[in-house]
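[1] The following block contains a protein sequence and its predicted model.
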Amino acid sequence: MKDNLDMRMALYLAKRPMLLDYAYRMLGSREVAEEVVQEAFIRFVPPSPAESEKLPSASYLFRIVHNLALDIIRREKIECTQIGDDAPFWTRPQDEPSPEEALLHCEKVRRTIEMMAQLPEDQRTALQMHRFGNYTLEQIGVHLDVSVSTAHRLVRSALASLAMQLDSEDL
């Protein structure tokens with residue numbers, strides 16, 4: 001009984017790379033393929049000792065992966081037909097950024113805030129009013145007691161300064 005479970009584990013480990021490639025070709029996603037192969041292993045190992053007497057073949061593992069992949073494809077097809085291609089983008093499932101991408105984004109935002117703090121006060125105020133407060137250049141000019149063209153120059157030079165600093169950090 002225990003030997004049979006060990007043999008199932010050995011068979012799974014031996015066929016795992018081929019199972020991943022098979023699922024990837026069907027699904028087009030390494031992450032989803034990995035989930036399917038793991039789920040196939042859970043279904044491949046019997047829940048009770050009585051069911052573990054007979055060792056199934058490798059083709060049984062491939063059949064489990066195939067059926068699970070088809071289930072996912074069918075589910076996605078149903079979701080697409082329910083949502084439709086003409087639906088607004090916000091009703092469609094969105095891709096979640098990876099943890100690494102989210103961390104990089106947060107780090108870039110933190111660095112941008114630090115860079116904004118180092119800008120001259122009039123540039124920082126003009127940039128914050130324009131980008132975050134939705135003030136017009138005329139309103140910024142009145143607030144800072146400068147002309148509209150000077151308000152525009154302040155916003156533009158603040159943005160250029162931030163962009164150059166961010167670009168130099170990306171190198």
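    Structure received. Numbers count the residues shown, from 1 in each chain.
[2] I'd like the secondary structure assignment at Glu96, please.
    Under DSSP: H, G, I helix; E, B strand; the rest coil, the three-state class of Glu96 is coil.
[3] what's the neighbour count on it?
    8 (other CB atoms under 10 Å). For every residue, glycine as well, the C-beta is placed using N, CA and C.
[4] per-residue confidence for it?
    Listed pLDDT for Glu96 reads 82.
[5] any idea how far it is from Arg63?
    Distance of Glu96 to Arg63, computed by CB to CB, to the nearest Å: 31 Å.
[6] For the residue at minimal distance from the centre of the chain, which residues are in contact?
    Centroid-nearest residue in the chain: Pro97, 2.4 Å away (criterion: CA atoms, centre = their mean). The contact partners of Pro97, taken as CB atoms under 8 Å, 6 or more residues apart in numbering, are His105.
[7] Strands of the chain, residue ranges please.
    Assigned by DSSP state E, the chain shows no strands.
[8] could you pull out the helices for it?
    Listed in chain order, the helices of the chain (DSSP state H) span 2-27, 30-44, 58-83, 99-118, 121-127, 137-144, 148-170.
[9] And the first one, what does it pack against?
    Packing contacts for helix 2-27, counted by 3 or more CB pairs under 8 Å, 6 or more residues apart in numbering; DSSP states H and E, involve helix 30-44, helix 58-83.
[10] Packed most tightly, which of those would that be?
    The highest average neighbour count among the helices and strands packed on helix 2-27, using mean count of other CB atoms under 10 Å, belongs to helix 30-44 at a mean of 17.
[11] quick one: contacts of that one?
    The contact list for helix 30-44, computed with CB under 8 Å, 6+ apart, reads 8, 12, 16, 19-20, 23-24, 26-27, 56, 60-61, 64-65, 68-69, 72.
[12] Apply 6 Å and report the result again.
    The contact list for helix 30-44, computed with CB atoms under 6 Å, 6 or more residues apart in numbering, reads 12, 19-20, 23-24, 27, 61, 64-65, 68-69.
[13] Repeat that for stretch 139-146.
    With CB under 6 Å, 6+ apart, stretch 139-146 has contacts from 122, 126, 129, 147-148, 151.
[14] In the protein, which residue sits furthest out from the middle?
    Distance to the chain centre peaks in the chain at Asp145, reaching 45.1 Å (criterion: CA atoms, centre = their mean).
[15] How confident is the prediction for the nearest residue to Leu68 once chain neighbours are set aside, by pLDDT?
    Spatial nearest neighbour of Leu68, chain neighbours left out: Val36 (4.7 Å); criterion: CB to CB, 6 or more residues apart in numbering. On pLDDT, Val36 comes in at 92.
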